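> 3D, please:
(one chain, ligands or ions: 1)
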Amino acid sequence: MNVAGLALDNIDKYGEYVSTYFEGDSFTNVDRYRHACRLSAVLIEHGVKPGDRIVVMMLNSPDVTAAFTAIWKIGAIIIPITPMWNAREVHYVIEDSGAKLVITSPELASRLKEASHGIAGFREVLVIGETGEPGTVNIQNEIEQVEPYERVMDQEPDDLALLLYTSGTTGNPKGVMLSHENLLFITDSVYQLNEHLPQVRGMQVLPLSHVYGILIMNLGAMMGSCGRILKHFDAREVLKTIEELKVERLSVVPTMLTLMINHPERENFDTSSLVQVSSGGAPLQEATRLEFSKLFNCRVVQGYGLSETSGALTGYHPDGEYRLGSVGPALPGVEICVMDFENKILPPRATGEICSRGPHIMQGYYNNLEATKSAIIDGWLHTGDVGYLDEDGFVYITDRRKDLVIKGGENISPREIEEGIYLHPAVAEAAVFGIPDAVYGEALMATIVLKPGQSLTEEEIRKHISGYVTKFKVPDRIVFLDSLPKNPSGKILKRTLKEQYSV
Ligand code: AMP
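Below you'll find the model as predicted:
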């Protein structure tokens, strides 16, 4: 098996058709596959061997999907990284994963050069396009001139396809190991709900650096969909594309719905083609769901998943009954239960930790047996999400056990930001947590205690953190306090702070 086989199956099943629109160009599925075959050949010429890890860091484009197919075809492993991360954050991933090569686009070449500097075993930054950055290699001409490499290497079910670095409760992101079987299973599971639909017109607005975007990309191949790839989310572009391409189905994170609802030009576009929008990646407020559904006259449903579950766990059948507040039932072949904190399975309606098992569960965290052992117990992945099931198995998420902030669908580890704040010599204590935000779902708040006799302004601390984490992770709200609330053993009570500032 090989995830790259999806591209070939797509051609076999649906024939040649226009599958991809991007910035005024259109390409057929056959064009796209040829391009991937040429990129495979270039990678082989650059010494890539099966099992090598390759970082792909680019804004969305057809080059990203081609790079994915090209890497999988030759049995190498993809490490997708969001273009939002700064050089320090990327350096950590390259070093931790042992990646040998990076594929990127011209605008990110210098950041990747800096990020890969001084890492033992690292070989090259490959750039698709003109690069003015010394020491990086433009492979555009090579791709155009090389003979395509046709073969798809057969992979064992548990051979790794993706190493996805996701922010968790610890400071540094953890590498979630997903196999070819993981990805194929989950794609097929979501496909089973949708297979009765004719070839769908959609749009890729989710980042292809995230598991959710990758799942939607693979699902599109299985369903024979066509659609526009957006470089990044832009509400006006989305509205315009819905009108131009008569987009029927869309997968988004909740923030995108809010931005589309609030866009001043919303009413200027004809969005009547829209049939269903699926929202996942973060909690969707019922009010937002209803408002979107009313304004766009379409159905809005939620799905739920994690990187650790290959992107999905639940989902609604397109014609299935919607249950208020539920992220839907388990996908076909996916087992979900709710456990108490002693790992005992609870009956319907009892609240506990949502757990899952099945072929979609990750192989573990890369190089981190301890974290793997505490996440997967007796084959059940413990999601860190709190909720309950109803009598028919519909899942309701009520809380999050893990110390994680989800801002605009992007997971952020408060620990990482706290570590950055603590590096300032005037800081005695800091706690970072999420507070409700109307657009992003959650915003980042930092409470800081200074050392005696020190003074610091909000601006100074913002500037300091900006040197450490990407702009998106700089706290939106900063408050200086005399002390932080603690329990008797001295642990900072973040929940108390969160409750206090969430009103
Ligand atoms: P990630 O690994 O980046 O996909 O993040 C997974 C986390 O996102 C989950 O553990 C949940 O906390 C959260 N999440 C994903 N989908 C939903 C949803 N529909 N409702 C609430 N939280 C969600």
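
> stretch 424-437: which residues count as buried?
Residues H424, V427, E429, A430, A431, V432, F433, G434, I435, D437 are the ones in stretch 424-437 that count as buried (16 or more other C-beta atoms under 10 Å). From N, CA and C alone the C-beta is placed, and that goes for glycine too.

> should've said stretch 474-491
For stretch 474-491, burial by neighbour count (16+ other C-beta under 10 Å) applies to V474, P475, D476, I478, L484.

> what residues of the helix or strand that contains I94 count as buried?
Assigning secondary structure by DSSP states H and E places I94 in helix 87-97. Across helix 87-97, burial judged by 16+ other C-beta under 10 Å covers A87, E89, V90, H91, Y92, V93, I94, E95, D96, S97.

> the ligand next: which of those residues are close?
Within the set of the buried residues of helix 87-97, contact with the ligand (C-beta under 6 Å from any ligand atom) is found for no member.

> excluding residues flanking it in the chain, which one is nearest H91?
A115 (4.6 Å; C-beta to C-beta, 6 or more residues apart in numbering).

> I'd assumed E95 was in contact with the one you found.
No - look at A115 against E95 with C-beta atoms under 8 Å: they stay out of range, at 9.4 Å.

> what's the domain layout of the protein?
Domains of the chain are assigned by automatic domain parsing as 5-231, 302-320+334-393, 413-501.

> now for those, which one comes closest to F292?
Checking these against F292 by C-beta to C-beta gives domain 302-320+334-393 as the closest, at 11.8 Å.

> now for the helix or strand following the helix holding I94, which elements pack on it?
Next helix or strand after helix 87-97 toward the C-terminus (DSSP H and E): strand 101-104. Using 3 or more C-beta pairs under 8 Å, 6 or more residues apart in numbering; DSSP states H and E, the elements in contact with strand 101-104 are strand 53-57, helix 109-116, strand 124-127.

> residues in contact with the second one?
The list of residues contacting helix 109-116 from outside it, by C-beta atoms under 8 Å, 6 or more residues apart in numbering, reads 55, 57, 86-88, 90-91, 94, 102, 104, 122, 125, 127, 131-136.

> buried subset of those as a PyMOL selection?
Selecting only the buried entries of the contacts of helix 109-116 in PyMOL, with 16+ other C-beta under 10 Å as the criterion:
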select buried, resi 55+57+86+87+90+91+94+102+104+122+125+127+131+133+136
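
> the bottom helix or strand of this structure by mean pLDDT?
In the chain, no helix or strand scores lower on mean pLDDT, DSSP states H and E than strand 410-412, which sits at a mean of 85.

> can you pull the buried residues of that one?
Residues of strand 410-412 classed as buried by neighbour count (16+ other C-beta under 10 Å): E410, N411, I412.

> can you give the contact residues for the helix or strand following that strand?
Sequence order places helix 414-422 as the next helix or strand after strand 410-412, per DSSP H and E. The set of residues external to helix 414-422 that reach it, using C-beta under 8 Å, 6+ apart, is 167, 169-172, 403-405, 427, 430-434, 444, 446, 448, 461, 464-465, 468-469, 473, 475, 494.

> for helix 414-422, buried residues please.
Neighbour counts over helix 414-422 (16+ other C-beta under 10 Å) mark P414, R415, E416, I417, E418, E419, G420, I421 as buried.

> helices and strands around the helix or strand hosting L8, which ones?
Using DSSP H and E, L8 falls within helix 5-14. Under the contact definition 3+ C-beta pairs under 8 Å, 6+ apart, helix 5-14 sits against helix 29-45, helix 211-223.

> let me see the mean pLDDT of the longest one.
With pLDDT averaged residue by residue, helix 29-45 scores 98.

> tell me who's in contact with the closest residue to E237 other than its chain neighbours.
Sequence neighbours aside, L230 is the residue nearest to E237 in space, at 5.7 Å (criterion: C-beta to C-beta, 6+ apart). For L230, the contact set (C-beta under 8 Å, 6+ apart) comprises N60, M203, Q204, V205, E237, V238, T241.

> and the pLDDT at L230?
97.

> then the one 10 residues further on?
Model confidence at K240, given as pLDDT, is 97.

> what strand or helix carries it?
Applying DSSP H and E as the criterion places K240 in helix 235-245.

> and the next helix or strand past that helix?
Toward the C-terminal end, the helix or strand that comes next after helix 235-245 (DSSP H and E) is strand 249-252.

> now whatever residue of the stretch 401-503 of the chain ends up closest to the ligand. Nearest residue, chain neighbours left out?
For the stretch 401-503 of the chain and the ligand, the shortest gap (C-beta to the nearest ligand atom) falls at N411, measuring 4.3 Å. Closest residue in space to N411, ignoring its immediate chain neighbours: S167 at 4.4 Å, by C-beta to C-beta, 6+ apart.

> go ahead and confirm the one you found touches K407.
No - counting by C-beta under 8 Å, S167 stays clear of K407, with 10.7 Å between them.

> enumerate the residues of the stretch 351-500 of the chain near the ligand.
So far as C-beta under 6 Å from any ligand atom goes, the stretch 351-500 of the chain lies against the ligand at T383, G384, D385, I397, R400, I406, N411.

> would you mind measuring from the last one to P106?
Think N411. Counting by C-beta to C-beta, to the nearest Å, the gap between N411 and P106 amounts to 28 Å.

> before we move on, what about S189?
37 Å.

> of these two, who's got more company?
More neighbours surround S189 than the other of S189 and P106, with 23 against 17 (other C-beta atoms under 10 Å).

> the more buried one belongs to a helix, doesn't it?
Yes - under DSSP: H, G, I helix; E, B strand; the rest coil, S189 sits within a helix.

> need the pLDDT of it.
At S189, the pLDDT recorded in the model is 98.

> now do the same contact list for the nearest residue to it once chain neighbours are set aside.
Leaving out its chain neighbours, the residue that sits closest to S189 by C-beta to C-beta, 6+ apart is L331, at 4.3 Å. By C-beta under 8 Å, 6+ apart, the contact set of L331 is I186, S189, V190, Q192, L193, A312, L313, T314, G315, H360.

> equivalent analysis for V42, please.
L126, I139, E142, I143, V146.

> the residues you listed, buried ones only, as a ChimeraX selection?
This is the ChimeraX syntax for the buried subset of those, where burial follows 16+ other C-beta under 10 Å:
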select :126,139,142,143,146
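
> which of the contacts of V42 lies closest to M256?
Relative to M256, the closest of the contacts of V42 is L126; by C-beta to C-beta it sits at 30.9 Å.

> does the closest one touch I103 like I think?
Yes - here L126 reaches I103: they are 5.0 Å apart, a contact under C-beta under 8 Å.

> shared neighbours of the two, anything?
Counting by C-beta under 8 Å, 6+ apart, L126 and I103 have no contacts in common.

> out of the buried residues of helix 414-422, which is nearest to Y14?
So of these, ranked by how close each gets to Y14 (C-beta to C-beta), first place is E416, at 43.3 Å.

> where's that closest one relative to A426, distance?
From E416 across to A426, the span is 20 Å (C-beta to C-beta).

> and the residue of the stretch 301-450 of the chain that's closest to the ligand?
Here the stretch 301-450 of the chain gets closest to the ligand at one residue, S307, 3.5 Å apart by C-beta to the nearest ligand atom.
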